[in-house]
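>>> Everything below, folded, please.
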Amino acid sequence: MSEIPSTDNLGSAESICKTIESLANTIDVRSAADAEISYTAKLLAKGTKIVAQKLVEESGELAIALVSEGDKEVAEEASDLIYHLLVAIRSRGIPLDAVADTLQRRQNMSGLAEKASRSSS
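Have a look, this model is predicted:
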């Protein structure tokens, strides 16, 4: 039933990193484009509140796809969510390096320990 080839290796981290970096660069370029011809510029022009609402919408669509749709649809919804996440980060002017630094710092601790450290702050 799966429409995406299944392998033991879930994919190349290098490949997704390059793709996300390229997409983030495209978002940066398009953020300065005419909102009449660029969806990214149009979305950013609406402000962070609207961008955040779109992010929630895309997250919900992915959640629904995960439990009720095929692998192809899940990949498409995950792609939409990643795009809108990058637009949301861009709307706040937060560099991707800040996100990467946070992920790197958290990588060497358990998720439970990391969550507990945020609760006590």
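>>> I figured Leu44 hits Arg90, correct?
Yes - if you go by CB atoms under 8 Å, Leu44 and Arg90 touch, sitting 6.8 Å apart. For every residue, glycine as well, the C-beta is placed using N, CA and C.
>>> So what's the residue count around Val29?
12 (other CB atoms under 10 Å).
>>> Does it lie in a helix or a strand, and which?
Assigned by DSSP states H and E, Val29 falls within helix 13-31.
>>> Point out the other helices and strands that that helix packs with.
Under the contact criterion of 3 or more CB pairs under 8 Å, 6 or more residues apart in numbering; DSSP states H and E, helix 13-31 touches helix 39-45, helix 71-91, helix 96-107.
>>> before we move on, back to that, shared neighbours of Leu44 and Arg90, anything?
Contact criterion CB atoms under 8 Å, 6 or more residues apart in numbering; residues shared by Leu44 and Arg90: Ser31.
>>> so how far is Asp34 from the residue nearest in space to the middle of the chain?
Among the residues of the chain, Ile82 comes closest to the average C-alpha position under CA atoms, centre = their mean, at 2.4 Å. Remark: distance between Ile82 and Asp34 (CB to CB, to the nearest Å) = 24 Å.
>>> And for Ala45, nearest residue in space, chain neighbours not counted?
Distance criterion CB to CB, 6 or more residues apart in numbering; nearest residue to Ala45, sequence neighbours excluded, is Ala35 at 4.8 Å.
>>> count of residues packed around that neighbour?
Ala35: 15 surrounding residues under other CB under 10 Å.
>>> and it, which of the three is it?
Following DSSP: H, G, I helix; E, B strand; the rest coil, the label given to Ala35 is coil.
>>> List the contacts of it.
With contact set as CB under 8 Å, 6+ apart, Ala35 has these partners: 41-42, 45.
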